[in-house]
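Enquirer: generate coordinates for the sequence data below:
(3 chains)
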Amino acid sequence: MTQTFAEVMERLGAPPPAFWENDLEMGLEHFFARSRRDGFMDEWVSRRTGRQVNVLCMNLGLDGAGSVRSKKDSLRSCDDELLPYLLVDQFAKYKSKIATIDFAKGVLADDVLETCRKNEEDFDTTALLFAIYHNSWSDLRLVFHLDKIHKSGFARMKLKDMVRRPRRNFEEFLQPETVKEILDAFDKAKGDGRTSEFKNVVIHNGHHLVFIRRAERPDLVLRAGGVVHGYRPEWIILDFADGAKRVNISSVSVSIPLEIANRLASGYFGRSCEYENESKVTYAKQLERFLDILRKQKTGELLLVEVVVLNSPLEGSPKIKITDPDSHPIGDAIGHFEKAVGGILSEIENIESIKVYYRKKRVSLIFEKVEGADDEYVVRYSDHRLNAMERRSFEDHLRDVHGIPVLSTEKRFKR
DNA sequence: CGAGACCGGGTAACTAGCCT
DNA sequence: AGGCTAGTTACCCGGTCTCG
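Expert: Numbering: from 1, shown residues only, chains lettered A, B, ... in the order given. Next up, the predicted model:
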């Protein structure tokens, strides 16, 4: 008797197909048939790392003693029990390591964590996800969501007007039914025939993260038998902080997530509320001082590795870029250029962007001129280059060491 | 000889510039 | 103004190398 995939999963107490396909966005169409091919499972088991094998043995209650090879042999006889782990392995692809480790540290027992540890700071993420799956499979959905906050940039926004904090706190307000109602009302008002799907509210580091999936632009997929028309999904993450007085927004579209955030805030505060892009002023003098320090820096936390300058002192005043792709500091090179040709960093207005080297990553900074003010700028940086923890320490570093408030290059507008 | 470290290529996310 | 393309960068996978 042959069982369907859904039946096999049910017999194992594993998640149903809809969980994998809809919640984790994994394509299952050919997975089951492929996994049943001769030798497929054997080959998959062979490719497991020692750490993954150890976690699998723990999860399946197999003898954890002996060589990795002998444990792989006993795994090969398990068959169906391994099926969900094939999917977890597939799920682990392209998931942020930092998101997985961070989450695992919160839910896994110490000895399990140690089994997955590669060295002081590194873990086998697939092994961690095997353990997380076994511990509580619905957590994979959380990992799927948390993964997103490390990979995408966020627009920093704050409430336009001062509002009194309501009696009940924001957390109580953010009930799924309430959020769904507000999303429905928004979709109706928008009238573009697309629906906003409420996916999750997660409390993370004191922030309230609201995850929404919405159809964005029309798209199509090719399948055997023809084309299927639909929409490309977009993930909207509203990261509320400070009792909803501030929100960080990650999304593809520009105005829709802002409107949704406005509606949620209006619902919570009980009056019409709007968020606006946060802007923090830095004066030209501060930036000049910052650049002076930066270009002298030969080693340290923050190194200058690229400058792009408009109206250069070269003939015809073209745009120039001085960059070191290997991320060695370019302070001396700039000094050499200025001595030989002329000044380039003295006019902040002419600086299109710079790149600094921070925690082994190249981070762009732009100095955005404040409309109508002569020497006022908003300093913005490409936050998606850094993960969520690194962003915080980068912002702290620039504020504490250089007195410069930095914001993300991401912004959201009403249309 | 097998398990784990190392490295090259691929993938994803974002930016800037061009075109409609 | 919006969409598409090419360029940039980090991270991840999988094959190869190395060490016990």
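Enquirer: after the one helix or strand A:V202 maps to, next one along is what?
Expert: Using DSSP states H and E, A:V202 falls within strand A:196-204. Sequence order places strand A:207-223 as the next helix or strand after strand A:196-204, per DSSP H and E.
Enquirer: any residues touching the helix or strand just after that following strand, and which ones?
Expert: Downstream of strand A:207-223, the next assigned helix or strand under DSSP H and E is strand A:226-241. Contact with strand A:226-241 is made by A:148-149, A:152, A:154, A:170, A:194, A:196, A:206-222, A:246-253, A:256-257, A:260-261, A:264, as judged by CB atoms under 8 Å, 6 or more residues apart in numbering. C-beta here means a position set from N, CA and C on the backbone, and glycine is covered the same way.
Enquirer: how about the residues of the stretch 251-400 of chain A by DNA strand B?
Expert: With the criterion set to CB under 7 Å from any atom of the strand, the stretch 251-400 of chain A comes near DNA strand B through A:V252, A:S353, A:S364, A:I366, A:S382, A:H384.
Enquirer: repeat that for 10 Å
Expert: For the stretch 251-400 of chain A, the contact set with DNA strand B under CB under 10 Å from any atom of the strand comprises A:251-252, A:308, A:310, A:319, A:321, A:352-353, A:364, A:366, A:380-385.
Enquirer: buried among those? Make that a PyMOL selection.
Expert: Entered in PyMOL, the line below selects the buried ones among these, by 16 or more other CB atoms under 10 Å:
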select buried, chain A and resi 251+308+353+364+366+380+381+382+383+384+385
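Enquirer: packing partners for the strand holding A:V202?
Expert: helix A:139-151, helix A:176-190, strand A:207-223 (3 or more CB pairs under 8 Å, 6 or more residues apart in numbering; DSSP states H and E).
Enquirer: next SSE downstream of the worst-scoring helix or strand of chain A on mean pLDDT?
Expert: When each helix and strand of chain A is scored by mean pLDDT, DSSP states H and E, helix A:31-35 comes last, with a mean of 81. Moving toward the C-terminus from helix A:31-35, the next helix or strand (DSSP H and E) is helix A:40-46.
Enquirer: wait, does that following helix contact DNA strand B?
Expert: Yes: using CB under 10 Å from any atom of the strand, helix A:40-46 comes into contact with DNA strand B via A:S46.
Enquirer: could you say what helices and strands that helix packs with?
Expert: Against helix A:40-46 (3+ CB pairs under 8 Å, 6+ apart) you get helix A:68-76.
Enquirer: ok, and does the helix it packs on reach over to DNA strand C?
Expert: No: residues of helix A:68-76 are not located near DNA strand C by CB under 10 Å from any atom of the strand, the shortest gap being 11.7 Å.
Enquirer: got the residues of the stretch 201-350 of chain A near DNA strand C?
Expert: Residues of the stretch 201-350 of chain A lying near DNA strand C (CB under 10 Å from any atom of the strand): A:216-219, A:232, A:252-255, A:305-306, A:321, A:323-325, A:327.
Enquirer: just give me the closest of those residues to A:Y275.
Expert: For these, the residue nearest A:Y275 by CB to CB is A:S255; the value is 11.8 Å.
Enquirer: kindly report the residues of the stretch 1-150 of chain A close to DNA strand B.
Expert: A:46-54, A:66-73, A:93-94, A:96, A:117-119, A:122, A:124, A:147-150.
Enquirer: buried subset of those?
Expert: A:48, A:51-54, A:71-72, A:96, A:117, A:124, A:147-150.
Enquirer: could those residues go into CSV alongside pLDDT and distance to A:S138?
Expert: Output for those, formatted as CSV (pLDDT from 0 to 100; distance: CB to CB, whole Å):
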residue, pLDDT, distance to A:S138
A:R48, 88, 24
A:R51, 88, 23
A:Q52, 90, 21
A:V53, 89, 25
A:N54, 89, 24
A:K71, 85, 28
A:K72, 85, 29
A:S96, 87, 19
A:R117, 86, 25
A:D124, 89, 22
A:D147, 90, 15
A:K148, 90, 17
A:I149, 90, 19
A:H150, 88, 21
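Enquirer: of the residues you listed, closest to DNA strand C?
Expert: Closest approach between these and DNA strand C, by CB to the nearest atom of the strand: A:S96, at 4.5 Å.
Enquirer: how far does the least confident helix or strand of chain A sit from the chain's center?
Expert: 30 Å (CA atoms, centre = their mean, to the nearest Å).
Enquirer: which positions in the stretch 51-200 of chain A make contact with DNA strand C?
Expert: A:89-101, A:122, A:124-126, A:129, A:147, A:150-151.
Enquirer: read off the pLDDT value for A:K118.
Expert: pLDDT for A:K118: 83.
Enquirer: next one: the one 5 residues further on
Expert: In the predicted model, A:F123 carries a pLDDT score of 87.
Enquirer: so who does it touch?
Expert: By CB under 8 Å, 6+ apart, the neighbours of A:F123 are A:K97, A:T100, A:I101, A:A104, A:L113, A:C116, A:R117.
Enquirer: so can I have JSON lines of those showing secondary structure?
Expert: Putting the contacts of A:F123 into JSON lines (DSSP: H, G, I helix; E, B strand; the rest coil) gives the following:
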{"residue": "A:K97", "secondary structure": "helix"}
{"residue": "A:T100", "secondary structure": "helix"}
{"residue": "A:I101", "secondary structure": "helix"}
{"residue": "A:A104", "secondary structure": "helix"}
{"residue": "A:L113", "secondary structure": "helix"}
{"residue": "A:C116", "secondary structure": "helix"}
{"residue": "A:R117", "secondary structure": "strand"}
